[in-house]
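**Student:** Sequence first, predicted model second:
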Amino acid sequence: MNTRRVIIIFATFALLVSAVALWDVSGDERDGDTAANVVASSGAAAGTGAAAPKKRGGGLFGKIFKAPFKAVGRMFGKGDDDGKLARMTERDAEKFESTGVERIEDRDHHRPEVSDEGGDARDYLERGRALLEQGELNAAIAELSRAASLDPKLSQAHSLLAVAYDRKGLHDRAEDSYRRAIDVNERDPQAMNNLGYSLYLNGNYRAAVDKLKRAAKLAPNDERILNNLALAQVRLGKYDDAYRNFARAGGEFNGHANLAALLVRSGREEKAVEHLEAARKLQPDSQNVLRQLAEIYERTGRGDKANEARQTLAAIDARRTVAAAEER
C-alpha cells in the first residue's frame, strides 16, 4: 500500500470521526430527564432543590474544534464518555467515605480533597453547596461528606451529598444519602422531594409518586414538588391527577400547556388537543398554544382548523405591529 493511499484512508477516517462528533455536539445539551426539561422550558421549577451546575463557556466554535478530539478519545476509551461529567466509580466514591483525607498530589495534578479552611459542619456544608453549583462534584462530595461526618444530624448535608452522587451516576449511593436526610428529619419536604425525584429518574414511578405525595403534604404550595409529582403521574398515565398538580403549581393555563406538551411527546395528540383548546380559552392570544394547535391539526388532516389557528396568529401579529407603531 503506497503512501498516498495511506494518507487518503487516514483523511477519510478523520473526516468520518469529525462528522460523528459534530452530530453529537449539535444535539440538546440539557442534562436530566427530557420531560422535566420540557416543563422547565416553560419557566416552571422541577427536579431537585439544588441549583444546577453552571455551564462552562466554549460556544459552538469551541465545540466544533474540540469535537473530533473528543470522539477519538471516546473510541479509545479515554476522556468523557459523552461530553458530560465523567461517571465516578465505586472506588472513587470510597475516597470520600471516611472523615480522614490524605493530601496526595504531584507537580501537575491535585487530588480533590476536603478544604483546609476548617470550620464547623455548616462551613463545610456551604463550601460543598458552592462547589456543587459550580459543577465541581468530586470536591463537593469531599466537603459535604465532611459536613455529614461532623454533624450526622445535618439533613442538608446528606441531601446535597445525594444530589452530587446522583449527578455522578451513583444512584444507589444517592438513594442512601437521601434516606439518611429523611431519617434525620422526616418532615423535611425538600429531602423527600429529592428522594422522590431520584426514584423518578431511575424509573421507579410508583415509589416516586408515594414520596412526592408525602413531600406535597409537608409543603402544599411548593411548585417544584408539585411539578415533580405531576411528571411522575404522567409516567403512570394518571393524566387528570397530573393536570391538577401542574395547575396547583402554576395555574390552570400552565397546567393545560405543560400536560399538552408531554402528551404530544408521547404521541397522544387527541388528548393534547383537549388541553391546548382549554388553554386557548384561558388565553386566546397565546401564540405558542395556537402554533401547537395548527401543527397538530395539520398533521391529523384537519386543514380547516389548522388554517383558522394560523389566521388567528396572523391577526394577533397584525394587532401587535399596529400597537407597536402607535407607541412610537
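**Tutor:** Sure, I can see it.
**Student:** so Ala44 touches Asn227, yeah?
**Tutor:** Yes - using CB atoms under 8 Å, Ala44 is in contact with Asn227, at 5.3 Å. Yep, even glycine has a C-beta here, placed from its N, CA and C like the rest.
**Student:** Show me which of those two is the more surrounded one.
**Tutor:** Per other CB atoms under 10 Å, whichever of Ala44 and Asn227 has more neighbours is Asn227, with 28 against 21.
**Student:** what kind of secondary structure is the more buried one in?
**Tutor:** Here Asn227 is recorded as helix under DSSP: H, G, I helix; E, B strand; the rest coil.
**Student:** distance of the nearest residue to it once chain neighbours are set aside from Ala40?
**Tutor:** Leaving aside its sequence neighbours, Asn227 sits nearest to Ala46 (CB to CB, 6 or more residues apart in numbering; 4.4 Å). Separation of Ala46 from Ala40 (CB to CB, to the nearest Å): 5 Å.
**Student:** on that earlier part again, and the residue nearest to Asn227, what does it touch?
**Tutor:** Ala36, Val39, Ala40, Arg224, Asn227, Asn228, Leu231 (CB atoms under 8 Å, 6 or more residues apart in numbering).
**Student:** Any chance of TSV for those, columns pLDDT and secondary structure?
**Tutor:** Listed next are those as TSV, based on pLDDT from 0 to 100; DSSP: H, G, I helix; E, B strand; the rest coil:
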residue	pLDDT	secondary structure
Ala36	77	helix
Val39	74	helix
Ala40	72	helix
Arg224	96	helix
Asn227	97	helix
Asn228	97	helix
Leu231	97	helix
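**Student:** now Gly169: how far from Ser198?
**Tutor:** When CB to CB is the yardstick, Gly169 and Ser198 sit 12 Å from each other.
**Student:** Please, which helix or strand holds the nearest residue to Tyr165 once chain neighbours are set aside?
**Tutor:** In space, and not counting its chain neighbours, Tyr165 is closest to Ala174: 3.8 Å by CB to CB, 6+ apart. Applying DSSP states H and E as the criterion places Ala174 in helix 171-184.
**Student:** Mind listing residues that contact stretch 284-292?
**Tutor:** 253, 257, 260-261, 264, 272, 276, 279-280, 283, 309-310, 312-313, 316.
**Student:** ok, back up a step: ranking by neighbours, what's the top pick from the contacts of Ala46?
**Tutor:** Most neighbours among these, by other CB under 10 Å: Asn228, with 31 neighbours.
**Student:** ok, that residue touching Ala40?
**Tutor:** No - shown here, Asn228 and Ala40 do not form a contact pair, counting by CB under 8 Å, at 11.0 Å.
**Student:** Touching both of the two, which residues are there?
**Tutor:** Ala46, Gly47.
**Student:** picking up where we left off before, could you pull up the contacting residues of the residue nearest to Tyr165?
**Tutor:** By CB under 8 Å, 6+ apart, Ala174 lies in contact with Ala162, Val163, Tyr165, Asp166, Ser198.
**Student:** same thing but 6 Å
**Tutor:** Shown in contact with Ala174 (CB atoms under 6 Å, 6 or more residues apart in numbering): Ala162, Tyr165, Asp166, Ser198.
**Student:** helix or strand for the third one, which one?
**Tutor:** Remark: Asp166 resides in helix 155-168, with elements defined by DSSP H and E.
**Student:** If you count contacts, what does that helix end up packed against?
**Tutor:** Judged by 3 or more CB pairs under 6 Å, 6 or more residues apart in numbering; DSSP states H and E, helix 155-168 is in contact with helix 121-133, helix 137-150, helix 171-184, helix 189-201.
**Student:** By residue count, which helix of the chain is the longest?
**Tutor:** helix 303-327 (DSSP state H).
**Student:** Would you mark the buried spots in that one?
**Tutor:** By neighbour count on 16 or more other CB atoms under 10 Å, the buried set for helix 303-327 is Lys305, Ala306, Ala309, Arg310, Thr312, Leu313.
**Student:** Dump those residues to JSON lines, plus distance to Leu125 and pLDDT.
**Tutor:** As requested, the buried residues of helix 303-327 are exported to JSON lines (distance: CB to CB, whole Å; pLDDT from 0 to 100):
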{"residue": "Lys305", "distance to Leu125": "55", "pLDDT": "95"}
{"residue": "Ala306", "distance to Leu125": "55", "pLDDT": "95"}
{"residue": "Ala309", "distance to Leu125": "52", "pLDDT": "95"}
{"residue": "Arg310", "distance to Leu125": "54", "pLDDT": "96"}
{"residue": "Thr312", "distance to Leu125": "53", "pLDDT": "95"}
{"residue": "Leu313", "distance to Leu125": "50", "pLDDT": "94"}
